[in-house]
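In: Sequence plus the predicted model coming up.
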Amino acid sequence: MKIMAQMAMVMNLDKCIGCHTCSVTCKQAWTNRAGTEYVWFNNVETRPGLGYPRTYEDQEEWKGGWTLGKNGKLQLKAGGRLKKLANIFSNPKMPSIDDYYEPWTYDYETLLTSPATKNFPVARPKSLLTGKDMNVRWSANWDDDLGGSKEIAVKDPMLKGIEDKVKFEFEQTFMFYLPRICEHCLNPSCAASCPSGAIYKREEDGIVLVDQDRCRGWRMCVSGCPYKKVYFNHKTGKAEKCTFCYPRVEVGIPTVCAETCVGRLRYIGLMLYDADRVLEAASVENDHDLYEAQRSVFLDPNDPEIARAAEEAGIPGDWVEAAKKSPVRRLIQDYKVALPLHPEYRTMPMVWYIPPLSPVVDVIKETGHDGEDKNNLFAAIDTLRIPVEYLANLFTAGDVGPINDVLRKLAAMRSFMRDINLGGDPDESIAEAVGMDAESMYEMFRLLAIAKYNERY
Amino acid sequence: MSIDDPMTNALLRTRRHFEPQKVSPDLRTLYKEGGRSGDAFYRDRWAHDKVVRSTHGVNCTGSCSWKVYVKDGIITWEAQQTDYPSAGADKPEYEPRGCPRGAAFSWYTYSPTRVRYPYVRGVLLEMFRAAKAEHGGDPVLAWASIVEDPEKARRYKRARGKGGLVRATWEDVVEIVAAAHVHTVKQYGPDRIAGFSPIPAMSPVSYTSGARFLELVGAPMLSFYDWYADLPNASPQMFGDQTDVPESGDWWDAGYLIMWGSNVPLTRTPDAHWMTEARYRGQKVIAVAPDYAENVKFADEWVTAAPGTDGALAMAMGHVVLKEFFVEQQVPFFEGYNKRFTDLPNLVALTQGPDGVLRPGKYLVAGDVEGGPKSDSENAMWKTAVFDSNTGELAIPNGSIGDRYGEEGMGRWNLELEGIDPLLSVYETRDDAVEVELPRFDAGDGKVAYESRGVPVRRVGERLVTTVLDLMLAQYGVGREGLPGSWPTGYDDPSAPATPAWQQEHTGVPAQQVERLAREWAQNAIDTGGRGMILMGAGVNHWFHSDQIYRAMLVLTTITGCQGRNGGGWAHYVGQEKIRPIMGFQHMAFALDWHRPPRHMNQTSYWYVHTSQYRYDTHNADDLDAGTGIFAGKGVMDLLAQSARLGWSPSYPTFDRSSLDIADQAEAAGMEVPAYVASELKSGAMKFAVEDPENPVNYPRVLSLWRSNLLGSSAKGNEYFLRHLLGTDSAATALEASPEHRPTSVEWADEAGEGKLDLLMTIDFRMTSSTILSDVVLPAATWYEKHDLSTTDMHPFIHSFNPAINPPWQTKSDWEAWKAVAKKFSELAVEHLGTRKDVIAKPLWHDTPEAMATVHGEVKDWKLGECEPIPGKTMPVIAVAERDYTAVYDKMTTIGPLLEKVGMLTKGVAYQVGREVDILRQRNGVAMSGAGKGQPKVETDVQMADAMLHLAGVSNGHLATQGFKFLEKRTGTQLADLSAEHEGKQITFADTQVSPVPVITSPEWSGSESGGRRYSPFTINIERKKPFHTLTGRQQFYVDHDWFIGMGEALPVYRPPLNMTQLFGEAPIGEQNELGVSVRYLTPHNKWSIHSEYQDNLFMLSLSRGGQSVWMSDRDADKVGIKDNDWIEMVNRNGVVAARAIVSHRMPEGTVYMHHAQDRLIDVPLTERDRKRGGIHNSLTRILLKPNHMVGGYAQLAYFFNYIGPIGNNRDEVTMIRKRTTPVEY
């Protein structure tokens, strides 16, 4: 056993309002400069939609992450080192600028400096790459709120296999938002792809960084990362990525994206894990087992033996305490409401998500309400607008079981709390029906709803 | 090659030799201790020199506190503050309020759209310089020589908007602006000048800068809340209050939450988390939205009412609630509430028309019943009546407006019932049951029809009376055994209002869903003690008939006892106007310390007249009103003129002569001014300017905009502004009214004026549609470069703006800019103006005894000989102010003597503030000379902020307590304890610089924060039995003014969107022709901007579509071959828009959204039709006045600034949309 500590994040998608404040504050702080105009360490995607860069989740196309070889061993989906070396000067799986978007500005000064003319002046778009007039055809968030849905969202790779369940018709509309940063994976394929060894995972907190001095700009990390969260700075010729705001985290301030999240949906916390078991967990045969496999590498800091071992491994005492209190650990391990994004990439991502509830589809039919409880104001999970299969494609490699479990917990929590809200006694059987007890359900409510600053981070 | 093959391992093993870092035993992970030296770049990037608290100004009403980071004297970025005082241990917190728009703001500081220097249009500057030389260097004469020369005036006005701005000096521009003001005052009078700056709550000092100057000059400030169509007239109609709503933290307390036309995540981004979190507390959430809006994601159910039909939905929910919870059973909780706090038990006399038909008439009042209770008391015609179930007799409970004024009412203006048990219905004790005629407006032809429904009645003398509840049940189609008339057969009867099946025909919402929601709503109110809340937004509030939509919705929150509760009632979030230190603000902004009354103008009426939009009313007022007949033969313009002359609404310019001449003329005639004005009007020697609007002496001449982008944002009928106000290019093609549709009491000029305005001046920090059209543009400091205050109704804190850097280049704060203008103006006044007497016509004001001008709401017009013109009673109040024009600067920068001499007055509560002014003398210092000698200084923005805070109850506990004690004398109930806990607390500007500061409970508002509770409106009314500011003192469902009854709106009724085909000949929705397909045209708020700000921000543009766009349904797009991102053109009679389409299946068929205020500056091509620059969203709209919004002089229907009045509604419009066929050109 090798105990290590990892900074991790949970985002509660059930609270995400899709406002993109996180994207803007992150960009302002980190990538608002030449060479990174198109770079958003943090972005927010409307789902269903294509994401940024477009269709990044289609690994048949992009070959990011790991795959399980015939011998049962992990290999980079893009191929091993020799293949990489062979392609080092012409990486075939690099997203082009069109797959992100061509950054632009406007000739704003015309508005002030225009000479007397026939018509009102106007500012036209100019490419930030070529400086020439351009026609805006794609942006950092082009398909926001289902814009262009029937031409764009229909190509969402995550719809594969469930096309019959998702109709792009007004009456069946659904959408939700997926904010994304670097996953700071336990088994990062970007690092493994780097011919220069410039990508490293910090020992004390697991943050994955690009060493700007060592980076040679081969861009193998860009294609190696299945989440496409490593970017190429075309001015410096180096790779850059989300740093988990280490200059802030090191002094005890949350990341920019988390602290500025007005939905209050981001939690940051420390996880302890057994580094020796990462490879094994990432190598389980069935994709559906990856979620539990990853959970199994996490260690319980409340277990005195683990705490002692952590101390022996050189992890400071306050870090162990932090791991005990970690809201991320509670959401992943105790309440089991947070799930990893695309476990099937086998990188063991460390930014997890609570999937969203949604309105019921058909309110007319009698069964529009939970059949078990006639007085329940809240809808049964199987009538929700967002198909569980779609969520499963994002968070559980297609296994709807864990998705259903989480959504049922959230719905049960609302029923449970309504009794308390109305001044009545809580009904413990509601908690038990979803495998929880009254106390943990109440504590989960406090963490998700009241969510004070010092509880979130 | 796999990860574990020998070759790989060999390669990896070599790593150990080359890597200084530790390599893991499996060779696959490289550990670098610290890793810090290699990444100094990011550490440097994060470093900064200081962090300054500021916020975002008028453009946004979020009022979030921000950290502005500064490095090397440069603003780098911003992030949200997280130091709000706690909302409570068991509640979520306000941190971190913010949104992406605010997070992107710092981009403006150094952006290429920043206005760095003063600018003037070259052609005008040249003329001015030449004229000045010609006129001996006198700028006033120079200005006069240009604007009074038609050829010169036309030349620079035609050039407006079309480039050619040249850089000037502050000296140049201040001189031009001051000269224009002086000339206009001298030539036409001060009310030919106007200023527009909206929403003071989010930078009251900046608002005050120009407002204080203009009010000192005697120029009207134009309203904003009504103009934006954000003012819900239903609020004054029902509550007697402008608007008062819960803070967002109170959503948490609700057991049932309906978001109705309010897209919370998008328009209330900083507050949305309260909604997402309250769900976890077991709150049920409903979204009513025509599209799959962003908020729908969070709801348990999506109710897809067709746009503009929300009134029908609300009526049907009301039908179910009334039937199941008021008729089929009596709910003690509901009964107790309504008996005391609503007019449901109040008695209404039925009126028999000449046709013998009975209709609901006037409230029965004490003075109506000879020998009846309180019939000979003071204000007996203003005391409404009930039946007391204890005695079965008439009773006059306390609390109506008759108790609010006069000696006898002292201690009686309260909602104590004193043993009276008001009878809600006379059904059980009826003398008879009769049929009354009730209007309905849901017919396909858009015309009124009538239902005959029975009500139980009692006889009081000659009168047949019934209760408001009995009338409501009839109006809602809820029958009872034994009542005559026609009634729906059940919920499934679609033939008549207001059944669930009937609403389904109009809204498309399944009847069963409505039944269930109504039942859940009422049951939740019972279970939670009234904790049901409706968040209402622009989606329902921006319609022509929004007051009726709202009244139907407010029936739901009120009859179920939800108003005045934490977690309950209405939550109107459109144009958050709440300036918490309202008293200090009002007295400073409108210079009430120097002159009273101020000139305040309803902006909707102002532009309806001065942009000549009235001339395009190709219908008469009765057509607009579905043919009820009350306005037969009149135009809306006739009604507006009537409203002005009866003193109902303000009207500026007021008379057809200068207001500075009237006092002299009265003196010459040997008469008192008010009597002189009345006699001149009666004889016809003097007319109201509104009666001859195209006469150049009645034009508005000077308009200043600051904190405002009128012409890119709020200008409904933008193209008419361009043509008539500015005299430049316009895309309107509408025809003027033919003779039978023209007003009869207003002069009709052969040709409407074009280019009425002599000077358009804008102060801004960025280029907008308004700055490009302005003659003079002054460079403003941004929100990160000045001191100011910020409050909102969404949270209970006051916080501050502070300069992160000094204003760069030649920019100045609004405060400093206006001081410079004031100084120059005062200098020029010495030669040209001196001291003059100014005659002000002020409308009858709300919260004063003037509101008791119209007994029974019976309209009598002196012009028609129905009564005498009596100032302050049957016509406006006539007041005289002495204006020393040379002392304007001195007065602007000192606090005048009226505060100490006369006191302060807010919402009918009077304050003595000698002590407070003395404290300000100490704090701010006193002026040693000039007009303000010995008075406290307000020279700086910080001094002004401190004055506002110190002169308001919410920020000065001493005043709050004083106000409550004043009120206690009138109500006879206990109130002063509400602020006792903070009596010694005085919030200073310095306090707000440290962190957001919670406010103190004050009589300025209707809710209580005492003990740290969340703010909800009317809790003081409900808990302390303080009457509402209405006729009855109760929340009023019934409005008995002549115009309301005549329009069929005495009670809530469903009125569908206006029929633009009948009124204006537009193609019916769904019709296809060579211009494309006809669609409903809506302009909701934009995700990437708030008003037009941020729409030009590169971050926001990069996260969206990069320019003007229009959302439409894939089904409509298919009809006319439009694909996503295609260029489209939209055309109706008002103008043309050239934009791109966003096609999505989340949009409903038949409706397009052009998000509000995208401006015309960013990637807008020339239109295909005109080869001119494409328009803004308001290029397709125009102003339409609703007649009963002009009513005044009657209890809660009395004017106050931004309180009541015609709204600039814009949702009923339609347009054609088609694909652009020719290549895009710029």
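Out: Alright, I've got the coordinates.

In: Tell me who's in contact with the closest residue to chain A within the stretch 351-500 of chain B.
Out: Residue nearest to chain A within the stretch 351-500 of chain B: B:P500 (12.2 Å; C-beta to the nearest C-beta). C-betas here are computed from N, CA, C, even on glycine. Under the criterion of C-beta atoms under 8 Å, 6 or more residues apart in numbering or on different chains, the contact list for B:P500 reads B:316, B:319-320, B:491-492, B:511-512, B:514-515.

In: Kindly report the same for A:I199.
Out: A:I199 neighbours (C-beta under 8 Å, 6+ apart): A:188, A:190-191, A:208-211, A:221, A:230, A:239.

In: The nearest residue to B:K162 once chain neighbours are set aside: neighbour count?
Out: In this structure, B:K162 finds its nearest non-sequential neighbour in A:T117, 5.3 Å apart by C-beta to C-beta, 6 or more residues apart in numbering or on different chains. Other residues within reach of A:T117 by the criterion other C-beta atoms under 10 Å in any protein chain shown amount to 12.

In: go on, B:D39?
Out: So B:D39, with other C-beta under 10 Å, has 20 neighbours.

In: And A:E285, its phi and psi?
Out: Torsion angles at A:E285 (phi, psi; degrees, to the nearest 10) stand at phi -70, psi -50.

In: What about it, how many residues nearby?
Out: 9.

In: show me the contacts for it.
Out: By C-beta under 8 Å, 6+ apart, the contact list for A:E285 reads A:68, A:72.

In: about what we covered before: which two of the contacts of B:P500 have the greatest separation?
Out: Greatest spatial distance among the contacts of B:P500 (C-beta to C-beta): B:H319 and B:Q512, at 13.8 Å.

In: Please tell me the pLDDT value assigned to the closest residue to B:E858 other than its chain neighbours.
Out: Distance criterion C-beta to C-beta, 6+ apart; nearest residue to B:E858, sequence neighbours excluded, is B:D1042 at 5.8 Å. B:D1042 is assigned a predicted lDDT (pLDDT) of 98.

In: hmm, back to that, surely the residue nearest to B:K162 and B:L165 touch.
Out: No. Judged on C-beta atoms under 8 Å, A:T117 makes no contact with B:L165 at a distance of 11.4 Å.

In: Identify the single longest helix in chain A, thanks.
Out: helix A:400-421 (DSSP state H).

In: in that one, what's buried?
Out: Across helix A:400-421, burial judged by 16 or more other C-beta atoms under 10 Å in any protein chain shown covers A:400, A:402-404, A:406-418, A:420-421.

In: for stretch B:375-382, same thing?
Out: By neighbour count on 16+ other C-beta under 10 Å, the buried set for stretch B:375-382 is B:375, B:377, B:379-380, B:382.

In: need the residues you listed in JSON lines with secondary structure, distance to chain A and pLDDT, can you?
Out: Below are those laid out as JSON lines (DSSP: H, G, I helix; E, B strand; the rest coil; distance: C-beta to the nearest C-beta, whole Å; pLDDT from 0 to 100):
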{"residue": "B:S375", "secondary structure": "coil", "distance to chain A": "47", "pLDDT": "97"}
{"residue": "B:S377", "secondary structure": "coil", "distance to chain A": "44", "pLDDT": "98"}
{"residue": "B:N379", "secondary structure": "coil", "distance to chain A": "44", "pLDDT": "98"}
{"residue": "B:A380", "secondary structure": "helix", "distance to chain A": "46", "pLDDT": "98"}
{"residue": "B:W382", "secondary structure": "helix", "distance to chain A": "42", "pLDDT": "98"}
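
In: Check those residues against A:R456 and report the nearest one.
Out: Of all the buried residues of stretch B:375-382, the one with the least separation from A:R456 (C-beta to C-beta) is B:W382, at 55.7 Å.

In: Which one's more surrounded, B:H319 and B:Q512?
Out: Looking at B:H319 and B:Q512 with other C-beta under 10 Å, you find the greater number of neighbours at B:H319, namely 26 against 18.

In: What about chain B: which of the contacts of A:I199 touch it?
Out: When contact is defined as C-beta under 8 Å from any C-beta of the partner chain, those meet chain B at A:191, A:209, A:211.

In: so what's the nearest residue to B:F325 once chain neighbours are set aside up against?
Out: Nearest residue to B:F325 in three dimensions, chain neighbours excluded: B:A522, at 4.8 Å (C-beta to C-beta, 6+ apart). For B:A522, the contacting residues are B:320-321, B:324-325, B:331, B:560, by C-beta under 8 Å, 6+ apart.
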